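> 3D, please:
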Amino acid sequence: MIKRFACLFLCLALVTAFLEGSFRREDVKVHTLANGLKVLLLEDHDIPNVALFTFFRVGSRNERPGLTGVSHFIEHMMFNGSPKFGPGEFDRIMEFNGGANNAYTSEDLTGYTDWFPAAALELMLEMEADRMQGLTFVPEVLESERGVVASERRMRVENDNDGLLEETVRATAIMAHPYHWDVIGWMSDILNWRRDDIIQYYRTYYAPNNAVMIVVGDFEPDRTLPLIQKYFNAIPSSTPPPPVTTAEPAQLGPRQVLIRKEAQAPSFLMVYHAPAWKDADFPALFVLEKALLEGESSRLYRRLVREEKLALTVAGGIQETIDPLLFSFYIKPRPGADLDRIEAVIEEELAKVGAAGLSDREFQKGLNIIRSNFYFGLQSISGKANLLGTAEVLYGGIEQAFGIMDRYAGLRKEQVQEAAKKYLAPGLKTVGKLIPEGGVK
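Prediction:
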């Protein structure tokens, strides 16, 4: 076993050395346009493609009651037309030129991801600049997309027992901070957004001074920067968005959610408050996540799935966020499983970690998974673009991207034990149980 770990660490060290030689901080060219748009350029000529990512500093944490879910809705509308490119044209032109794209909204950001042959770069820049400033929000199209998002919510939450439990537990665990609601938003808000409010939100958060553009791939920076300036310089900046200042108060005791409804099987979710990515305790809890929940060798898989046969799957952990969110235990119980016993098993394993910490093998496993996933993501131009954008928006600057693994290199096993006792104590939990109507716990 010692030889296997030594071999794995040697391989990871070689991968690290390779990546540091081909992707260094000085390779990233940083420019800020007069309107505040930050541009990150990284050449990578391995393949004749380009990854063009645009991240906006807006997510559900920037919303308010009455406008919950609007960040995700505008993500949808970004594909629904401007005077220059009509509804559906962005996707059609992208595909015609051999490219593909996607988008996502999280609690903290909205990201637009394009991949295409290098020859299409100028056209893609033109389309991205157009939708950064020119969405029309045609009433008929807006109402159609409102229906799409409402249907998405019904599918993901109201007609999905796990989604319903997750939303209810989140809203119970987080009372004050805007993380209180899910990214999809509340149905009453979705059905009642006003067009003027949506447009004002778009103009506030989709301004260039609230965005970062990342270009990675087969291009020449000296030719690409003038193209970016050509299409983006004329977009006006806006008044900086208001800061998010609400902090979640300390939880003073355990909380419980109990839902009884028609269902074929029960659902179970237990959460604790967790630190933000920038917090010094985050790496320790990220390692603990792997030991408790990752793979068939994890503690809770062994206990709940293999030994006591209470569950079908286990999942969860901590999430990279700007503000403190949650450490979650998603358990898919077997039909008829004792949910109280599932809760007890989780608490038993957390108590063991608090009393004795992780084994050397568990600690090494957590570090190995984190390192492997990190470097695997950097094998593609999209992975590099995503890391740079995430670092700029979530971590506080691209310099943070080059020190992520240093946070784990200096991590001690005792820190995992200390973090578990600090954050995952019994009095800090929120437990959610969905019990099939007429069934037993």
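> Please, where are all the strands along the stretch 101-250 of the chain?
110-117, 211-217 (DSSP state E, counting those that start in this stretch).
> tell me what the shortest one is packed against?
Strand 211-217 is packed against strand 38-43, strand 49-56, helix 121-133, helix 221-232, helix 381-390, with contacts defined by 3 or more Cβ pairs under 8 Å, 6 or more residues apart in numbering; DSSP states H and E. (Each C-beta comes from the backbone N, C-alpha and C, glycine too.)
> before we move on, back to that, between the strands of the stretch 101-250 of the chain, which one is closest to residue 87.
strand 110-117 (16.6 Å; Cβ to Cβ).
> quick one: low-confidence ranges for the stretch 1-150 of the chain?
Confidence mapping of the stretch 1-150 of the chain against pLDDT under 70 gives the ranges 1-22.
> show me what contacts the nearest residue to residue 104 once chain neighbours are set aside?
For residue 104, ignoring the flanking residues on the chain, the nearest one in space by Cβ to Cβ, 6 or more residues apart in numbering is residue 111 at 5.6 Å. Contacts for residue 111 were tallied using Cβ atoms under 8 Å, 6 or more residues apart in numbering; they are 53, 54, 55, 56, 103, 104, 105, 386, 389.
> Residue 102 versus the fourth one, what's the distance?
Taking Cβ to Cβ, to the nearest Å as the measure, residue 56 and residue 102 are separated by 15 Å.
> So for these two, which residue has more residues nearby?
residue 56 (25 against 10; other Cβ atoms under 10 Å).
> For the nearest residue to residue 156 once chain neighbours are set aside, grab the count of nearby residues.
Nearest residue to residue 156, sequence neighbours excluded (Cβ to Cβ, 6+ apart): residue 163, at 5.0 Å. Other residues near residue 163 come to 17 when the count uses other Cβ under 10 Å.
> Ok, residue 320 next?
16.
> State the helix or strand in which the nearest residue to it once chain neighbours are set aside lies.
Excluding the flanking residues, the one nearest residue 320 by Cβ to Cβ, 6+ apart is residue 277, at 4.4 Å. Using DSSP states H and E, residue 277 falls within no helix or strand.
> Backbone dihedrals for residue 277, please?
phi -60, psi -40 (degrees, to the nearest 10).
> for it, what are its contacts?
320, 321, 322, 394, 395.
> rerun at 10 Å
108, 283, 286, 318-325, 390, 394-396, 400, 404, 407 (Cβ atoms under 10 Å, 6 or more residues apart in numbering).
> Break down the stretch 1-150 of the chain into its helices, ranges please.
Counting by DSSP state H, counting those that start in this stretch, the stretch 1-150 of the chain has helices at residues 2-22, 70-77, 89-96, 121-133, 139-153.
> what's the distance between the most centrally placed residue in the chain and residue 325?
The residue lying closest to the centre of the chain (Cα atoms, centre = their mean) is residue 106, at 5.4 Å. For residue 106, the distance to residue 325 (Cβ to Cβ) stands at 11 Å.
> what touches both of the two?
Common neighbours of residue 106 and residue 325 (Cβ under 10 Å, 6+ apart) are 61, 319.
> hang on, the earlier thing: please list only the buried members of the contacts of residue 277.
Among these, those classed as buried by 16 or more other Cβ atoms under 10 Å are 108, 283, 286, 318-325, 390, 394-395, 400, 404, 407.
> ok, back up a step: which one is the residue nearest to the centre of the chain nearest to, not counting chain neighbours?
Using Cβ to Cβ, 6+ apart and skipping the chain neighbours, the partner closest in space to residue 106 is residue 59 (5.1 Å).
> Give the burial count for that neighbour, as a bare number.
For residue 59, the tally of surrounding residues (other Cβ under 10 Å) stands at 27.
> before we move on, what about residue 212?
Neighbours around residue 212, by other Cβ under 10 Å: 25.
> Show me the beta-bridge partners of it.
residue 38, residue 55 (DSSP bridges).
> Look up how far residue 230 lies from it.
Residue 212 is 19 Å from residue 230, by Cβ to Cβ.
> any low-confidence regions in the stretch 201-350 of the chain?
In the stretch 201-350 of the chain, no residues with pLDDT under 70.
> Tell me where it has helices.
So, for the stretch 201-350 of the chain - with DSSP H, counting those that start in this stretch - the helices run 221-232, 282-293, 299-300, 339-356.
> who wins for proximity to residue 151 among these?
Proximity to residue 151 (Cβ to Cβ) singles out helix 339-356 among the helices of the stretch 201-350 of the chain, at 30.6 Å.
> Could you give me the buried positions within that closest one?
339, 342, 343, 345, 346, 347, 349, 350, 353, 354.
> Give the next helix or strand downstream of it.
As assigned by DSSP H and E, the chain's next helix or strand after helix 339-356 is helix 360-377.
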